[in-house]
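Trainee: how does the following fold in three dimensions:
(4 chains)
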There are 4 protein chains.
Amino acid sequence: MAKNKKESFNDFGLGVKPTSQGYRALNKDGTFNIKKTNIPFFERLSFFHSLVTMKWSHFFGLILIGYFVINLIFATIYIFIGLENLTNTVGLTQFDQFTEAFFFSAQTITTLGYGRVAPIGLIANIAAATESLLGLLSFALATGLLYGRFSKPISKIKYSTKAVIAPYNTINGFMFRVINPQKNQLLEVEVDVSMSIRRENSELRNFHILDLERKKVVFFPSIWTVVHPIDKTSPIYKLTSEDFYQKDIEFIVVLKAFDESSGQIVYSRSSYKASEVAWGEKFIYLAQQENGKVTIDVSRIDESQKTELNT
Amino acid sequence: MAKNKKESFNDFGLGVKPTSQGYRALNKDGTFNIKKTNIPFFERLSFFHSLVTMKWSHFFGLILIGYFVINLIFATIYIFIGLENLTNTVGLTQFDQFTEAFFFSAQTITTLGYGRVAPIGLIANIAAATESLLGLLSFALATGLLYGRFSKPISKIKYSTKAVIAPYNTINGFMFRVINPQKNQLLEVEVDVSMSIRRENSELRNFHILDLERKKVVFFPSIWTVVHPIDKTSPIYKLTSEDFYQKDIEFIVVLKAFDESSGQIVYSRSSYKASEVAWGEKFIYLAQQENGKVTIDVSRIDESQKTELNT
Amino acid sequence: MAKNKKESFNDFGLGVKPTSQGYRALNKDGTFNIKKTNIPFFERLSFFHSLVTMKWSHFFGLILIGYFVINLIFATIYIFIGLENLTNTVGLTQFDQFTEAFFFSAQTITTLGYGRVAPIGLIANIAAATESLLGLLSFALATGLLYGRFSKPISKIKYSTKAVIAPYNTINGFMFRVINPQKNQLLEVEVDVSMSIRRENSELRNFHILDLERKKVVFFPSIWTVVHPIDKTSPIYKLTSEDFYQKDIEFIVVLKAFDESSGQIVYSRSSYKASEVAWGEKFIYLAQQENGKVTIDVSRIDESQKTELNT
Amino acid sequence: MAKNKKESFNDFGLGVKPTSQGYRALNKDGTFNIKKTNIPFFERLSFFHSLVTMKWSHFFGLILIGYFVINLIFATIYIFIGLENLTNTVGLTQFDQFTEAFFFSAQTITTLGYGRVAPIGLIANIAAATESLLGLLSFALATGLLYGRFSKPISKIKYSTKAVIAPYNTINGFMFRVINPQKNQLLEVEVDVSMSIRRENSELRNFHILDLERKKVVFFPSIWTVVHPIDKTSPIYKLTSEDFYQKDIEFIVVLKAFDESSGQIVYSRSSYKASEVAWGEKFIYLAQQENGKVTIDVSRIDESQKTELNT
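Mentor: Alright, predicted model coming up:
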């Protein structure tokens, strides 16, 4: 990677051709504007992945529906076997019979087993023994899924909604800010900034990896201003604000960190389009001291002020 | 590794000698054509690993058989103790006695415990208390196994079935394509391509690690064409299609990535033999724009067309 | 990182301005003296993280309270439905009715199900079936939380409470000691030492990353003396003990290791202020041989003796 | 690390002073010959770590004893409360009363709940509800422990019991072999070889990191001969077999790999003392072809034959 760091390259998995003005490769929320089609069903499918990443409301909905359906099925089975094989179910109406069978099933699959209704005879016992095993396994699965959902590494890193072009030493720099709003410590935080730019008189795009003032920090207790110094080697050297629009520039940010609380590596992505870059503004310094503690007002991450650019 | 990157080396754990024409070191599915013999039984054995990697049908079959056998054993124990120590089992035929004992066991090991049949007296109670503890531990194990099976990192990365020799800038390149058909994001994708080649007038083989245009991409939303530029430092410089066959060349691909959804590192392997390399073909560009989204038709990963090679 | 290793930089996420004399950026226990304010509630919130990192006493207290409250709620529901829908609860006083409902709920949510009290009829059965499912899911969650709590990587690495300036070859060095008091092996131990120092005639601070004699050891069976050689390139070259106080120097240590027993990466942090640096002292050698074993007396990690510094 | 790769250094956490002839720093099984004393109790303690690493027989023994003791405690509690608060326990002998209380406890803590014996009244119900919660939590803990025990990364890598000094190209090399006897794939296998050597006319020791022919292999399907070329930069250049004994040399091997089946990084360690180095022998080539598969006879890993050394 080092060797072609400053060269442009043609393909970044994002497609170089389809670059209608204003196309955004990476959405603000870190998802890609890419649709894959004609994937064979079984290659696309990932049972565990879907159950772990779906919304909580869908997850619990699915469990409730599954619980209902499986009890329905076993209720039917018990009625088919005959309720005379379940204790305390003699002489009931058809509706009550179904109710008893349904809740006997529920008491069996959860291994609750009050015992007021209990199976008698070979067939009913086979059904109940099978159902209780099924219940245990389903529940084992649910345990794994819940753990998988909760232990999934989630980074809630916040990006400034705009980037700025501000003075940096004797030159200027492309800058944005990131913040970790949570209590957990992020360590060895590493950032990659790429840029996609339309070629001169062409529909095609080039991709560049940008040099950064610091690519990595060992710890990240509060706020970090990521800086790309616009020196002579920079692909945006000499470009103006109009060029940014005209060349339909997009900055793509990938951030990687070790999340101490979960012991896992987390990633976070965002992007800036030309319209989200403020020229001649600089971010306001946020750290303030209070009772021997540095205080950072997280809600002011976007605050900036006008400034003179170096020329 | 850096220092002998372009040198050949003798051993890659794959064996340099046994190179009958057409021998394939790495199968298409990523398994190696290697058999290890005379391994002491306990060193080979890995209980958890086997249960986690076996087929689902075998896994569930094993659970069912285990459930049946353990209940059989405990049923025998309860009969041996005497059914007068279980409630509601008096005056039954021998078959019914066994049925009662068997399903009492099933109700105990699942901690279902309807209670119609319940143990009385010291011995029967000891057996039941032991069985329920055993049940809980078995179920704890099943929970771990199910989680282990589901959370196992699986990469379904797809390789183009053939590689091509196509023009690359002013020279030619050895190229193949990889695609991630699933929804989960793969990050920091890194690829290693090695090549094994038969030595001149010898049965022995040399191994080379090939230089790549890009060894790593930060993110991998869709498709990636991996390129080995055939410049003067390449071990396949000046070789022809016939040389590929005659020297029984095999390209070995190892791909490593961080799977964002599981938070784990996944590996994938494949290989290309001489017969799977198309000379003078180039891959067709797949990304198409549709409603502001790039669309990739995954099923066309192998599509290529004739082209002139640089000389 | 390599390129600006010896340069000073302005921001390390710790704030450069608020440097009242004696301010400590990193506490001895590895927490940062930083407070983040105005974080939107849902971004700050991390349910699983809180439950995994809270104290054991709070964790169990929460479970007990939760268990009590949920049974209270369901007891109310069962009474609302009417106790005539539970067996064996006829003709009780109001208090006894509540007791029966409460413990029926407890027997249901734990899937205990003695059955002396059991639900009859549609409504009571729906409530009980729902409660038992809720019980199973809560318990699945508790299993995940307990595992999350126990498997959380914890490093108990101990630092010498003071650092020393001692002779090192022909120059002097800044040194401190670290020890792993536990039985588990730490591997690939890597240490980063940064220093924050007040600028000349300014309230602002510079940060420096210090060069170390060894940045990494492959294994770490006992004790390691980390050394920053104070050569001409060192930012503390020519500084005196008084300068340390006057410039309000703070050394920030971040240690990273692979914990073999958990298979996870662990981090540990500490810091040394000017008052915790002993000039002209050297640590006492601790390893002693006994019955063919090297013995290290961990409690003597801080022992040092006066020595002449090189000039 | 790179910069002092070939320099000797004084401390490797292994102690440089206590070097009685024949002292072994690292045992063959990968444990260190180091004893840490005077560690405060709570720093040494690691509850989860102990339960996860203890022998299976001890683990199950502990569970059985715990199950027995907890039931003993609760049996005492139920008797103290009075057995008239448990159904079906009236008019028993004292021994039978205890038996009933004990097994009622067992049926409660496992959430089995047959219900023949069930609690009546406030106090007995409180005890039973508490016990069942305790049972669920203990079982949740057991689930986590079992999973922790099984998913613990274990590498069963085998080392040749002896190392050899054999010809290597035009010079000689220090060589040993490693093999992965299991079915799981090890990837990105990396090896570190250090050497400890007694100083001339001194009791102290120096440590050296040895240069290797290959430090890393991308995949490791079978057998790997690790080679340290004894060129002019080697710390064992010009040394003889007698020097090895007289200087009490020890080679320390640390191997790191990614275990594909568990998705975890595993480490393995071994060492070679002077007496375990065979001079003028070379390992026999093991790979043989059979039905288009390479076959490796793992049991022959130590086989070597006499050879002439280069001079």
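Trainee: tell me how many other residues surround residue A:31.
Mentor: 12 (other C-beta atoms under 10 Å in any protein chain shown). Where C-beta positions appear, they are placed from N, C-alpha and C, glycine not excepted.
Trainee: okay, it: pLDDT?
Mentor: Looking at residue A:31, its pLDDT reads 76.
Trainee: so how far is chain B from residue A:244?
Mentor: Separation of residue A:244 from chain B (C-beta to the nearest C-beta, to the nearest Å): 20 Å.
Trainee: give me the phi and psi for that residue.
Mentor: phi -60, psi -40 (degrees, to the nearest 10).
Trainee: was I right to think it contacts residue A:277?
Mentor: Yes: at 6.2 Å, residue A:244 counts as touching residue A:277 under the criterion of C-beta atoms under 8 Å.
Trainee: surely residue A:110 is in contact with residue C:136?
Mentor: Yes: Residue A:110 is in contact with residue C:136 according to C-beta under 8 Å; the separation is 5.9 Å.
Trainee: need the overlap of contacts for those two.
Mentor: Common neighbours of residue A:110 and residue C:136, counting by C-beta atoms under 8 Å, 6 or more residues apart in numbering or on different chains, are A:139, C:111.
Trainee: which residue does the stretch 101-250 of chain A bring closest to chain D?
Mentor: The nearest approach of the stretch 101-250 of chain A to chain D comes at residue A:115, 5.2 Å away (C-beta to the nearest C-beta).
Trainee: pLDDT value on that residue, please?
Mentor: pLDDT for residue A:115: 90.
Trainee: just list the residues touching it, thanks.
Mentor: Going by C-beta under 8 Å, 6+ apart, residue A:115 touches B:113-116, C:113-115, C:118, D:114-115.
Trainee: strands - which of those land there?
Mentor: Assigned to strands by DSSP state E, none of the contacts of residue A:115 qualify.
Trainee: and the longest helix along chain A, what does it pack onto?
Mentor: Counting by DSSP state H, the longest helix found in chain A is helix A:122-151. Using 3 or more C-beta pairs under 8 Å, 6 or more residues apart in numbering or on different chains; DSSP states H and E, the elements in contact with helix A:122-151 are helix A:47-53, helix A:56-81, helix A:94-109, helix B:56-81, helix B:94-109, helix B:122-151, helix C:47-53, helix C:122-151.
Trainee: one more time with 7 Å, if that's ok
Mentor: helix A:47-53, helix A:56-81, helix A:94-109, helix B:94-109, helix B:122-151, helix C:122-151 (3 or more C-beta pairs under 7 Å, 6 or more residues apart in numbering or on different chains; DSSP states H and E).
Trainee: can you list the strands that the helix or strand following it pairs with?
Mentor: Using DSSP states H and E, the helix or strand that follows helix A:122-151 towards the C-terminus is strand A:158-159. Each strand paired with strand A:158-159, and its direction, by DSSP bridges: strand A:171-179 (antiparallel).
Trainee: any part of the next helix or strand after the strand it pairs with near chain C?
Mentor: Remark: after strand A:171-179, the chain's next helix or strand is strand A:186-198, criterion DSSP H and E. Yes: using C-beta under 7 Å from any C-beta of the partner chain, strand A:186-198 reaches chain C at residue A:187.
Trainee: with stretch A:241-256 instead?
Mentor: No: using C-beta under 7 Å from any C-beta, stretch A:241-256 stays clear of chain C, with a minimum separation of 13.3 Å.
Trainee: CA atoms of that stretch as CSV?
Mentor: The C-alpha coordinates for stretch A:241-256 follow below in CSV (Å, rounded to 0.1, in the frame of the first residue of the first chain):
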residue,chain,number,x,y,z
SER,A,241,-14.2,25.4,-3.9
GLU,A,242,-15.7,25.5,-7.4
ASP,A,243,-13.3,22.7,-8.5
PHE,A,244,-14.7,20.6,-5.6
TYR,A,245,-18.2,20.9,-7.0
GLN,A,246,-17.2,20.6,-10.7
LYS,A,247,-15.0,17.6,-10.1
ASP,A,248,-17.7,16.1,-7.8
ILE,A,249,-15.2,15.3,-5.1
GLU,A,250,-16.1,12.9,-2.3
PHE,A,251,-14.0,12.3,0.8
ILE,A,252,-14.4,8.8,2.3
VAL,A,253,-13.5,8.3,5.9
VAL,A,254,-12.8,4.9,7.5
LEU,A,255,-12.0,4.8,11.2
LYS,A,256,-10.8,1.7,13.1
